[in-house]
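S.K.: give me coordinates for this.
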Amino acid sequence: MIENDDVRILHAMGYAQELSRRLGVFSNFAISFSIICILAGGITSYPLALATGGGFSATIGWLVGGAFSMIVACSLAQISSAYPTAGALYHWSSILGGTGWGWATAWANLIGLIFILASVDVGVYLLFNGLVAGPILGIDTSAWGFWPQTIAVAAIIASQALFNHFGIGVTKVLIDISGYLILIAAVVLTATFLYWGHGFDLSRVTHFVNNTGAAGGNFVPEPRPAIVAFLIGLLYPAYTILGFDASAHAAEETNDARRVVPRGMILSVAYSIVFGFFMACAFVFAGADPAATASDGGDSWFHLYRDLPAPFALKSVLAFAIVIANYFCGLATITSTSRMVFAFSRDGGLPGSRFWKHISPAHRSPVAAIWLTSGLGFAATLYSPAFAALAAGSALFMYVSYAMPVAAGLFAEGKSWTKFGPFRLGVWSKPFAVLTITGVAVLTYAGLQPPNDIVINYAIGLLVLLLALWFGFVRNRFKGPPVGAAIAARAAEITRLEEEIDDAVTST
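M.R.: The predicted structure is shown next:
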């Protein structure tokens, strides 16, 4: 049985099968595709592309950034095929690069995921205001400030946490719906912009226009050289095409994980590149005056959509679809992050790990980790002046956390790393690893340009804090994932945990 093989592999890595394996091929793909959600970053970050290199950055830049994301996804997919655990990046870095490297990867990944959750759910609120509340429901939101946003975002996150609380079965249904919704809505949205837009002027795609400074509505306030403008514009695809590690975080709930997880990551990125590219082209073609659209700054996409002479009913359906897709994006982010928190706590990586690793016997879900994730995500939304920086920060922290296990694998491959899974890159493994590391360095440089240079302060503060924690408290206490003899020593504990879960499920 496939499930028996999955459990055997999990036991061989020193872990019990505490979560419920309910995800198949599509569901594992859909969780990553839902977090990527081209209807989220593909819309909310579109003004950044216009404000840097115009239509060129939105389309050609999308392909360049997408190709880089595919290289990263392939590099991670190879490792996930060898080590299919909920800890994913943290576990891989620990095994391939050492306990300290893994611990640092865990924090980079966790912070990136929390930033994604915060930015996406604030995005749900902003998209509802801009697309539904005023244009469809006729509600005047001009006086809505900090407290309405805070209350609304709290309700959004709490409802997403509740769905996750009741188990992967409920979440699976919603995430599957999300996968289909994103595909259908993206196609219809693209067709709508193409049909009711202003023609097909290909020069908008092929001509680079440096809109940094006043030309782009001061979205990037300081005029920058063309090459820097293009690099900053790559944050558009980078912020959108991330979170595909969700397929790996759900590995312990996926059947035939060694094959399905790599496929889920790669296909989620591939579909996002293709559908996102045509959607971005449609946006670029739609505006009557590209210069005027770019000068709208952060409101450029909303103005495009508002001025589109499509039927009111069609635009209303699309507006609700976009908001719902973004809601599902946040829901899937909680699913992914909570599994990472559970796995990290299972190895004693978080303060209060004994509590955060708790699994609900009734729902077979990490309920404590789900609510911790939701609380941290909500807390991150409270610093609203830094929202744009949080969005950029999510891309930087996530891609740094992606590069860390890949870098460890680059040096460990053929040495300490000799056991691989069914998915292999072969001769492309090390070149892809080098491209991943180099690309993340370039992306980090671009992401720390004004106005997002505020992230530097967060990054430096975080680095100092983590170093102090590691050398002051953690290094001599944290053992990381079990290896060698420690795996065999956990056999009795694994049996006990699985029997406790089975007994509790039977009694309920």
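S.K.: any low-confidence regions in the stretch 51-200 of the chain?
M.R.: Across the stretch 51-200 of the chain, nothing is flagged by pLDDT under 70.
S.K.: next helix or strand past the helix-or-strand element of the chain with minimal mean pLDDT?
M.R.: Scoring the helices and strands of the chain by mean pLDDT, DSSP states H and E places helix 454-469 at the bottom, with a mean of 79. Counting by DSSP states H and E, the element after helix 454-469 in chain order, helix or strand, is helix 485-489.
S.K.: now that following helix - C-alpha only, PDB.
M.R.: The C-alpha trace of helix 485-489 is given here as PDB (Å, rounded to 0.1, in the frame of the first residue of the first chain):
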ATOM      1  CA  ALA A 485      21.000   6.000  16.600                       C
ATOM      2  CA  ALA A 486      18.500   8.600  17.700                       C
ATOM      3  CA  ILE A 487      16.100   7.400  15.100                       C
ATOM      4  CA  ALA A 488      16.200   3.800  16.400                       C
ATOM      5  CA  ALA A 489      15.900   5.100  19.900                       C
END
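S.K.: mind listing what's buried in that helix?
M.R.: Ile487 (16 or more other CB atoms under 10 Å). Just so you know, the C-beta spots here come from the backbone N, C-alpha and C atoms, and that holds for glycine as well.
S.K.: pLDDT on it, on average?
M.R.: Average pLDDT, helix 485-489: 88.
S.K.: what's the spacing between that helix and its chain's center?
M.R.: 33 Å (CA atoms, centre = their mean, to the nearest Å).
S.K.: helix or strand next in line after that helix, which one?
M.R.: Scanning forward in sequence from helix 485-489 by DSSP H and E, the next helix or strand is helix 491-507.
S.K.: now that next one: buried residues?
M.R.: For helix 491-507, by 16+ other CB under 10 Å, it's Ile494, Leu497, Ile501.
S.K.: now, which of the residues you listed sits nearest Phe423?
M.R.: Nearest to Phe423, judged by CB to CB, of the buried residues of helix 491-507 is Ile494 at 26.1 Å.
S.K.: am I right that Cys37 is in contact with Ile182?
M.R.: Yes. Taking contacts as CB atoms under 8 Å, Cys37 lies within contact range of Ile182: 6.0 Å.
S.K.: show me the contacts for Gln449.
M.R.: Taking CB atoms under 8 Å, 6 or more residues apart in numbering as the criterion, Gln449 is in contact with Val220, Arg224, Val228, Ile232.
S.K.: with Phe355 instead?
M.R.: Ser345, Ala368.
S.K.: same deal with Thr52?
M.R.: By CB under 8 Å, 6+ apart, the neighbours of Thr52 are Gly61, Asn210, Asn211, Thr212, Gly216, Val220, Ala229, Phe230, Ile232, Gly233, Tyr236.
S.K.: ok so, going back, and the contacts of Gln449 as CSV, adding distance to Val274?
M.R.: Output for the contacts of Gln449, formatted as CSV (distance: CB to CB, whole Å):
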residue, distance to Val274
Val220, 28
Arg224, 30
Val228, 28
Ile232, 24
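S.K.: check contacts around Phe26.
M.R.: Here Phe26 is in contact with Asp176, Gly179 (CB under 8 Å, 6+ apart).
S.K.: so which strand or helix has it?
M.R.: Going by DSSP H and E, Phe26 is in helix 25-36.
S.K.: which of the residues in that helix are buried?
M.R.: For helix 25-36, by 16+ other CB under 10 Å, it's Phe26, Ser27, Asn28, Phe29, Ala30, Ile31, Ser32, Phe33, Ser34, Ile35, Ile36.
S.K.: just put the residues you listed in CSV and tack on pLDDT.
M.R.: Formatted as CSV, those follow (pLDDT from 0 to 100):
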residue, pLDDT
Phe26, 97
Ser27, 97
Asn28, 97
Phe29, 98
Ala30, 97
Ile31, 97
Ser32, 98
Phe33, 98
Ser34, 97
Ile35, 97
Ile36, 97
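S.K.: and of those residues, the nearest to Thr85?
M.R.: Once CB to CB is applied, the member of the buried residues of helix 25-36 that ends up nearest Thr85 is Asn28, at 14.2 Å.
S.K.: packing partners for the helix or strand following the helix holding Phe26?
M.R.: As assigned by DSSP H and E, the chain's next helix or strand after helix 25-36 is helix 42-44. In terms of contacts (3 or more CB pairs under 8 Å, 6 or more residues apart in numbering; DSSP states H and E), helix 42-44 is packed against helix 99-127, helix 257-286.
S.K.: again, only using 10 Å
M.R.: When contacts are defined as 3 or more CB pairs under 10 Å, 6 or more residues apart in numbering; DSSP states H and E, helix 42-44 packs onto helix 46-82, helix 99-127, helix 168-196, helix 235-240, helix 257-286, helix 300-307, helix 312-346.
S.K.: helix or strand next in line after the shortest one, which one?
M.R.: Meaning helix 235-240. helix 246-249.
S.K.: returning to that earlier point: quick one: which of the contacts of Thr52 is most hemmed in?
M.R.: Gly233 (31 neighbours; other CB atoms under 10 Å).
S.K.: so how far is Ala270 from it?
M.R.: In this view, Gly233 and Ala270 are 22 Å apart by CB to CB, to the nearest Å.
S.K.: swap in Arg204?
M.R.: 25 Å.
S.K.: cool, Phe420 as well?
M.R.: As judged by CB to CB, Phe420 and Ala270 stand 22 Å apart.
S.K.: tell me how far the spatially most central residue of the chain lies from Ala368.
M.R.: Most central in the chain under CA atoms, centre = their mean is Gly243, positioned 2.2 Å from the mean C-alpha point. Gly243 is 22 Å from Ala368, where distance means CB to CB.
S.K.: Phe473 too?
M.R.: Distance from Phe473 to Ala368, by CB to CB: 22 Å.
S.K.: between those two, who's got more neighbours?
M.R.: Ala368 (20 against 11).
S.K.: the nearest residue to that one once chain neighbours are set aside: helix or strand, and which one exactly?
M.R.: Closest residue to Ala368 apart from its sequence neighbours, by CB to CB, 6 or more residues apart in numbering: His358 at 4.5 Å. Per DSSP H and E, His358 falls between elements, in no helix or strand.
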